[in-house]
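Participant: got a structure for you, letters missing:
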DNA sequence: AAATTTGTTCTATTAATTATAGAACAGTTT
DNA sequence: AAACTGTTCTATAATTAATAGAACAAATTT
């Protein structure tokens, strides 16, 4: 899994990392049961602080995507039953992005094609 | 256009406002040429600070969605030609959200249905 | 068994962000 | 003329983001 961190971006480093790990899982590059690198090893690899990686891992756990086993490691969780609360969460994240696309002049058909293209590179779980 | 601000949310007030204005435009509730309320009037209406609304307006202008005319007002811009830069911007915002949905157990078909549902309440420009 | 690695926890510092507040200015609108 | 507009300035407070180092106890590796 290729992680690319831009230090000067306006989105926080730990958020960039969180998002790219999620995409890596969606792509099937890492699957449920797999372990993420240790916070120290990953931090050294990316050239960021240990605590920054730790923050990203806890963000992923909070969202139900990984399970952190104390003194052991961070393991990708199996698929859960989707709750209406989480569906609401996804809706509130998705709506502004789609709205922006339309406002900037992307047609509905193009939006759906873009979504289709993105989904193509991801695996069903 | 109904704006709902949650002061205790983890997303900043000016971002909440920005997003809801974008959704309002996408819905066709406000159209190109329309003016947004003055920063003072809007701030008083929402119960937030003038500078917070001002920050939201400048965020919208930065994204090419409104035009601020000094000493006059904030006007919704007409649709522009979509640039590849903006398309890339939308892609980088959309991808993590779709990935999260899949990782949390939403099927590709359900994602596309969800996108379709969101698009239904919005107007083509 | 010993050494290393693990996530956790603690203090600490720096910089940036977020939100509020008030005042003053000059141009626009009523 | 009066009211309203966005702009600009200083100011303050709270939070967030990122880094740093140290120490701990449990798990893993050698």
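Facilitator: That came through, no problem. None of these values were measured; they are calculated from a predicted model.
Participant: use CA for all of it now, contacts and neighbours both
Facilitator: Noted.
Participant: mind listing what the residue in chain A positioned nearest to DNA strand C touches?
Facilitator: Using Cα to the nearest atom of the strand, the closest approach of chain A to DNA strand C is made by residue A:38 at 3.2 Å. Shown in contact with residue A:38 (Cα atoms under 8 Å, 6 or more residues apart in numbering or on different chains): A:73, A:74.
Participant: how close does residue A:83 sit to DNA strand D?
Facilitator: 25 Å (Cα to the nearest atom of the strand, to the nearest Å).
Participant: For residue A:24, give me its contacts.
Facilitator: Residue A:24 makes contacts with A:1, A:30, as judged by Cα under 8 Å, 6+ apart.
Participant: Phi first, then psi, for it.
Facilitator: phi -60, psi -40 (degrees, to the nearest 10).
Participant: any idea which helix or strand carries residue A:74?
Facilitator: Using DSSP states H and E, residue A:74 maps to strand A:73-76.
Participant: what's the neighbour count on residue A:103?
Facilitator: Residue A:103 is flanked by 28 other residues according to other Cα atoms under 10 Å in any protein chain shown.
Participant: Run a quick check on it versus residue B:63, I expect a contact.
Facilitator: No. Contact criterion Cα atoms under 8 Å: residue A:103 and residue B:63 do not qualify, at 10.3 Å.
Participant: Need the three-state assignment for the nearest residue to residue A:82 once chain neighbours are set aside.
Facilitator: Once flanking residues are discounted, residue A:82 sits nearest to residue B:105: 5.9 Å by Cα to Cα, 6 or more residues apart in numbering or on different chains. The local conformation at residue B:105, judged by DSSP: H, G, I helix; E, B strand; the rest coil, is coil.
Participant: what's the answer for residue A:68, then?
Facilitator: Per three-state DSSP, residue A:68 ends up strand.
Participant: Quick check: it touching residue A:77?
Facilitator: No. Judged on Cα under 8 Å, residue A:68 makes no contact with residue A:77 at a distance of 9.5 Å.
Participant: Quick check: residues of chain A near DNA strand D?
Facilitator: For chain A, the residues in contact with DNA strand D (Cα under 7 Å from any atom of the strand) are A:7, A:11-15, A:47-52, A:70-72.
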